[in-house]
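J.: Show me how the following folds:
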Amino acid sequence: MHPIVYRRTAPVSGRAIRKLMHAAVLLVSLAALLLSAGEQTAENFRESLAQFGTIKTFDPVPLSAPEIGNPMRGLYGWGGNGTGMMVEAPMFDAYRRFEWSALEDGDTPGTYNFSAIDDAMRIASNAGACFGFRVRAYVPGTKTKCAVPAYLKERIRGFTDQAGLYVPDWNDPYFIERVDAFIAALGARYNKHPHIAFVDIGIYGAWGEWHMSGVPYPGPHGEQKISAANAARIIDIYAKYFPDTWLVFRAGNEHTQYAMETYPRMGCRSDAVANPGFDAERSATPWMADRWKRAPFITETWDTHNPLTSVDLAAGHVTKFHIAMLGNGNMNARITNDAQRAEFQRAGKLCGYRIELAAVGIPSPLTPGKLTSMVSKWRNAGVTPSYIPWTVTWQLRTPDNAVAAAWRSAYDLTKAMPSRSGSLSIEDRFILPASLPAGTYTLALIIEDPAQVRKPMTLAITEEKNADGSYRIATVTVERSASENVTADDRTAVEKNFAALAALQESLVVSYRDPSVFDLSEGTGPGIFECAAEANAFIRGGKNGDTAYGAAPVFLIKKGGGDYERQMVICFDFSSLPADVKSVSGAKVKLYATRMGQDNGVADTAVVIGNDWAEKTVTYNSVPGTSTDITGRWEPTKQSPAAVIDVTAAVNRILESGGERRLSLRISGETPAKNSFGEIEYAGRSHADPGITPRLIIRTK
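T.: As a prediction, the model looks like this:
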């Protein structure tokens, strides 16, 4: 599936025209991304931003507060016209299912009437929601005797089920031919449509759910369930005609593997949330483990009369499986009191992304024509990234609220991984136009849908939004000075830096692991001392030997030789170890391999080095006092990604010397690498997942 693209299709509004008038001052931003593995207090954050004249912190909205509401997350309108609600909740997305027979003329192949979809989409739009839908060709439990066009029933084989409903021959060539034509017509009308949130791949199976439970096969004329080849054809047809729209396909199905492996950006759906069988359904499809990082997981509960369905299971399923959207319906008989309603609402709040802005630091006064830096601190308290490519924009506004200047942030919400304790700091650099008048301005933040259909995003902070969906951040002043215009070299540097930041944020997506899945920590207890890395830095050989690369969330280690040699240095400060401890029974450094070029047979090594180096300035050629004695050697695999380095002897030597209690290591590759084969990437101390950051573990007993 191609990357999702949102394009404007409506006439340009007055608001958009005003934005175009300000385009001359909308300057690309040069940004540097910083990560902190743990929470910082407001005081510590202020200290780290001492160079900024204006600092503002924000309080998060607690989960116990009313739902904040944003599109492509949370509870969505389910059933009926797609706007019904089982419990009270904001509705930014609605969903309905349609019979094929209601959309194509029964007498004339290729004569379509999509007014039912258009009407449902309009109702959703009037309620402030975007729309998703599925088309069905067999609908048990309803009065729809035949859900395919009459002409199709007359041309192909099929049979009636126990209730007298027509079941088409899914493998008839003419059936597949007409599916292709029908989905082509749907795609021509709704692909890239700004009001369509997603399309649920249907047609085959009971209710279009890609199963035929309860239907006896073979049929009376030899009819069979859909073949693997024809199932793949229908999946391919949807992908062909909806290349720019989110598609979701049923999880836990014999055809799911084909859909997921063939189309890496295809989302998935399930009908079994809040039922014990949901766990088995998900674990049966291991190729979907990280699907949520790229595409949405959209769900609903099992039918309301299933005795095993329980609202108490919903929240756990949402968090464990990174669910983006949960249908607000189908469970009425299981939600009969206020406590149950509140629990289902809580499950909805946990769905999807939940973006908090913790703090902002910006210089004041600002100077036009001068390269300037500002820092913002973010946290995604949800369970998924955003599946909408929101544009995060900082603005300077005049006293009458006109936008005088604006610059785009490097923060990419589609790559915002969940964080239980960590946070993300982004340094955006910008140059205000030299023509900007001196005066007092309001720094504002607005997070907008590029398609200009959805309302600006709501942050999970207590700060009130302005009428236009923006946030007032701070008051800043602008002072004039004689400054030169931005040069072409400046703009080239900005573009290169943005590309580097995009790659960096992408690496965080690839390396992210749920903290509950893996944790390098060995806990606390008598005789156990544990500390995080004090510093770590990336170094490269050859012509890069004198370049200081500094810290990073992940470090790529590769024995490439010359310019391609990639290593890291890391330091642990264990001075807080009790002073009376003069020797230890064991000490080890643990690293986590977030990515491997090949699954086994690649070894890395560590040697002890001197401590006279700094994270921001160390280079390959300046690493101090490198030992020739290998301290540790290991071969991580995808099944055992932890690297354990025995540093007992090194720690005891440091303790015996009575010097500073710090240990530095140089990590390098042992296995010669060819291209990406032989590479290993490790989580650094600023990785977003604190469970896999490097640590030194000492046992004193």
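
J.: Stretch 355-373 - what's its average pLDDT?
T.: Averaged over stretch 355-373, pLDDT sits at 91.

J.: Give me the neighbour count for residue 436.
T.: 18 (other Cβ atoms under 10 Å). (C-beta placed from N, C-alpha, C; glycine too.)

J.: I'd like to know how far it sits from residue 367.
T.: 10 Å (Cβ to Cβ, to the nearest Å).

J.: Can you check which residues contact both of those two?
T.: Taking Cβ atoms under 8 Å, 6 or more residues apart in numbering as the criterion, residue 436 and residue 367 both touch residue 478.

J.: ok, residue 379 to residue 461 distance?
T.: 10 Å.

J.: what about these two, which has more around it?
T.: Each of residue 379 and residue 461 has its neighbours counted (other Cβ under 10 Å); residue 379 has more, 23 against 18.

J.: List the residues that contact the more buried one.
T.: 60, 355, 356, 358, 419, 422, 423, 424.

J.: now residue 683
T.: With Cβ under 8 Å, 6+ apart, residue 683 has these contacts: 511, 553, 554, 591, 592, 594, 689, 692, 693, 694.

J.: And stretch 595-612, what's buried?
T.: Going by neighbour count (16 or more other Cβ atoms under 10 Å), the buried part of stretch 595-612 is 595, 596, 597, 602, 604, 605, 606, 607, 608, 609, 611.

J.: picking up where we left off before, identify the contacts common to residue 379 and residue 461.
T.: In contact with both residue 379 and residue 461: 60, 356, using Cβ under 8 Å, 6+ apart.

J.: pull the longest helix from the protein.
T.: Using DSSP state H to define each element, the chain has its longest helix at helix 488-511.

J.: What about residue 227, how many residues nearby?
T.: 11.

J.: Apart from its chain neighbours, what residue comes closest to it?
T.: residue 171 (5.5 Å; Cβ to Cβ, 6 or more residues apart in numbering).

J.: Export the longest helix of the chain to CSV, keeping only CA atoms.
T.: C-alpha atoms of helix 488-511 as CSV (Å, rounded to 0.1, in the frame of the first residue of the first chain):
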residue,chain,number,x,y,z
ALA,A,488,21.0,29.4,-0.3
ASP,A,489,23.5,27.5,1.8
ASP,A,490,21.4,28.2,4.9
ARG,A,491,18.4,26.7,3.2
THR,A,492,20.3,23.7,2.0
ALA,A,493,21.5,23.1,5.5
VAL,A,494,18.0,23.3,6.7
GLU,A,495,16.8,20.7,4.2
LYS,A,496,19.6,18.3,5.0
ASN,A,497,18.9,18.7,8.7
PHE,A,498,15.2,17.9,8.2
ALA,A,499,16.1,14.8,6.3
ALA,A,500,18.4,13.7,9.1
LEU,A,501,15.7,14.3,11.7
ALA,A,502,13.2,12.3,9.6
ALA,A,503,15.7,9.4,9.6
LEU,A,504,16.3,9.7,13.3
GLN,A,505,12.6,9.7,14.2
GLU,A,506,12.1,6.7,11.8
SER,A,507,14.8,4.9,13.7
LEU,A,508,12.9,5.4,16.9
VAL,A,509,9.9,3.8,15.3
VAL,A,510,11.9,0.8,14.2
SER,A,511,13.7,0.3,17.6
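
J.: Quick check: next helix or strand after that helix?
T.: strand 528-532 (DSSP states H and E).

J.: That next one: which residues count as buried?
T.: For strand 528-532, by 16+ other Cβ under 10 Å, it's 529, 530, 531.

J.: likewise stretch 187-204?
T.: Within stretch 187-204, judged by 16+ other Cβ under 10 Å, the buried ones are 187, 190-204.

J.: Residue 232 belongs to a helix, doesn't it?
T.: Yes. Under DSSP: H, G, I helix; E, B strand; the rest coil, residue 232 sits within a helix.

J.: residue contacts, the closest residue to it other than its chain neighbours?
T.: Spatial nearest neighbour of residue 232, excluding adjacent residues (Cβ to Cβ, 6+ apart): residue 258 at 5.4 Å. Neighbour list for residue 258: 228, 231, 232, 235 [criterion: Cβ under 8 Å, 6+ apart].

J.: same thing with residue 573?
T.: Here residue 573 is in contact with 531, 534, 661, 662 (Cβ under 8 Å, 6+ apart).

J.: measure it to residue 664 for me?
T.: 10 Å.

J.: likewise residue 502?
T.: Taken as Cβ to Cβ, the span from residue 502 to residue 664 is 32 Å.

J.: So which of those two has more stuff around it?
T.: residue 664 (25 against 14).

J.: you'd agree the more buried one is in a helix?
T.: No. Judged by three-state DSSP, residue 664 forms no part of a helix; its state is strand.

J.: Could you check the pLDDT of it?
T.: pLDDT, read off for residue 664, is 96.

J.: do the same with the one 5 residues further on
T.: We note a pLDDT of 90 for residue 669 in this prediction.

J.: and it, what are its bridge partners?
T.: residue 604 (DSSP bridges).

J.: what about it, how many neighbours?
T.: Neighbour tally, residue 669, other Cβ under 10 Å: 22.

J.: try residue 92
T.: Neighbours around residue 92, by other Cβ under 10 Å: 24.

J.: Would you check that it makes contact with residue 69?
T.: Yes. Contact criterion Cβ atoms under 8 Å: residue 92 and residue 69 qualify, at 6.0 Å.

J.: Now do the shared contacts for the two.
T.: Contacts common to residue 92 and residue 69, judged by Cβ under 8 Å, 6+ apart, are absent.

J.: can you map out the helices along the stretch 1-150 of the chain?
T.: According to DSSP state H, counting those that start in this stretch, the stretch 1-150 of the chain carries its helices in the segments 14-21, 42-48, 115-126, 150-155.

J.: hang on, isn't residue 134 packed against residue 98?
T.: Yes. Between residue 134 and residue 98 there is a contact under Cβ under 8 Å: 7.5 Å.
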